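**Student:** got a predicted structure here, sequence first:
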Amino acid sequence: MASPWDDLSLLLDSPDSLSVTNRGTIKDKAGFNPGEDAAALRKAIEGIGTTEKTLIDILTQRSSAQRQQICKAYKDATGKALVDALEGDTHGHFEDILVALVTPPAHFDMQEIKKAMKGAGTKESTLIEILASRSNHQIKALSDAYLQETGRALTYDLKSEVGGDFGETLLTLAEGKRDESKNVDAAKAKADAKALYEAGEKKWGTDESKFIEILCRRSVPQLRQTLLEYKNLSKKTLQQSIESEMSGDLEKVLVAIVKCVQSVPGYMAELLHKSMKGVGTNEARLTRIMVSRSEIDLMDIKAEYKKLFGRSLYSDIESDTSGDYGKTLLGICGADDKA
């Protein structure tokens, strides 16, 4: 089967998916009253037996900014943080997703990065997923949150966790200095394509630094032009060349960057599918993607999912998860688009 990543024909006309978009499933709720919502949550939590439906309905139908207002109203009314109340009253994956929903987005990204670096062994896949798919603005916000929480720069801690060319790639992404110009320099795209070809396919041994520099620094529109020029020159896509020239985590992160340059929603749809297919569900990744993309591009992710896998994201979540955790995911997902 041809990979969806091989078709570059629509690339130059599609929206720049690293720019923050407004294609989420969760929007501001009209007629919003944080005090009322906080009171309803308090009743649901403090009553005899938790009323999970109330928690799900409120927290999946308010925007992140509104949820922060609810947190403030809850604290003012009870003297207790809503996140602490949720942690004391719910459990497992349901608790994790509710806590994620009441955490500000940059703070949530920061916590996930911190978790990926904590303890024995680094969770490289989480670092790749977050750093390859976030805009400069999002990376700056998560880096600021990291500094505030730990007193150390994110790049400082990353250096001690990851090394080699893979580490270099993550550090360059974590600097959040990708060019944001919308202008495309066709001659530069040709030159970059040639440089990549000569650093990889054409060379005995690969010059990884050239790949890192171009893929982590150039703007998305510029890189899209480069991907087209590369295919004209090499007769292979850049992704295919990376997959044949490199291995391990370096290959994974460079492929992730190329995919995100083409389509962040397509990349996320693929990760969601991987989180659910086969034995066992990767709930941590499922929660992270659904919550973090819910106000950015989850509508587009649903459309890409349908295109790639022939089924709706909603129906796969429904058949793969259960209980209150599954209901919360479906609340975030929004209406089923199986038609």
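**Tutor:** Looks like it came in fine. Everything numeric here is computed off the predicted structure, so don't read it as measured data.
**Student:** okay, helices next: where are they in the stretch 51-200 of the chain?
**Tutor:** 52-60, 64-78, 82-89, 92-101, 105-117, 124-133, 136-150, 154-161, 164-174, 186-199 (DSSP state H, counting those that start in this stretch).
**Student:** okay if I get these as a markdown table plus mean neighbour count?
**Tutor:** All C-beta spots, glycine's among them, are computed from the backbone N, C-alpha and C. Converted to a markdown table, these look like this (neighbours: other Cβ atoms under 10 Å):
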| stretch | mean neighbour count |
| --- | --- |
| helix 52-60 | 20 |
| helix 64-78 | 18 |
| helix 82-89 | 17 |
| helix 92-101 | 21 |
| helix 105-117 | 20 |
| helix 124-133 | 22 |
| helix 136-150 | 17 |
| helix 154-161 | 16 |
| helix 164-174 | 21 |
| helix 186-199 | 17 |
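**Student:** right, and these - which one's nearest Ser263?
**Tutor:** helix 124-133 (10.5 Å; Cβ to Cβ).
**Student:** who does that closest one touch, helix- and strand-wise?
**Tutor:** Here helix 124-133 touches helix 105-117, helix 164-174, helix 248-276, helix 283-292, going by 3 or more Cβ pairs under 8 Å, 6 or more residues apart in numbering; DSSP states H and E.
**Student:** what's the neighbour count on Gly49?
**Tutor:** Neighbour count for Gly49, taken as other Cβ atoms under 10 Å: 6.
**Student:** how far away is the residue of the chain most remote from its centre from Ser3?
**Tutor:** In the chain, Ile48 marks the outermost C-alpha relative to the chain mean, sitting 37.1 Å out by Cα atoms, centre = their mean. According to Cβ to Cβ, to the nearest Å, Ile48 stands 54 Å off from Ser3.
**Student:** how is this structure carved up into domains?
**Tutor:** Here the domain parsing of the chain from automatic domain parsing is 34-101, 105-164, 180-246, 265-322.
**Student:** which element is the closest residue in space to Val258 that isn't next to it in sequence on?
**Tutor:** Counting by Cβ to Cβ, 6 or more residues apart in numbering, Val258 lies nearest to Gln239, which is 4.9 Å off, once chain neighbours are set aside. Using DSSP states H and E, Gln239 sits within helix 238-245.
**Student:** buried residues, that helix. List them.
**Tutor:** Buried residues in helix 238-245, counted by 16 or more other Cβ atoms under 10 Å: Leu238, Gln239, Gln240, Ser241, Ile242, Glu243, Glu245.
**Student:** now render these as CSV, adding distance to Arg293 and pLDDT.
**Tutor:** What follows is these, written out as CSV (distance: Cβ to Cβ, whole Å; pLDDT from 0 to 100):
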residue, distance to Arg293, pLDDT
Leu238, 25, 96
Gln239, 22, 96
Gln240, 27, 95
Ser241, 29, 94
Ile242, 25, 95
Glu243, 26, 94
Glu245, 31, 89
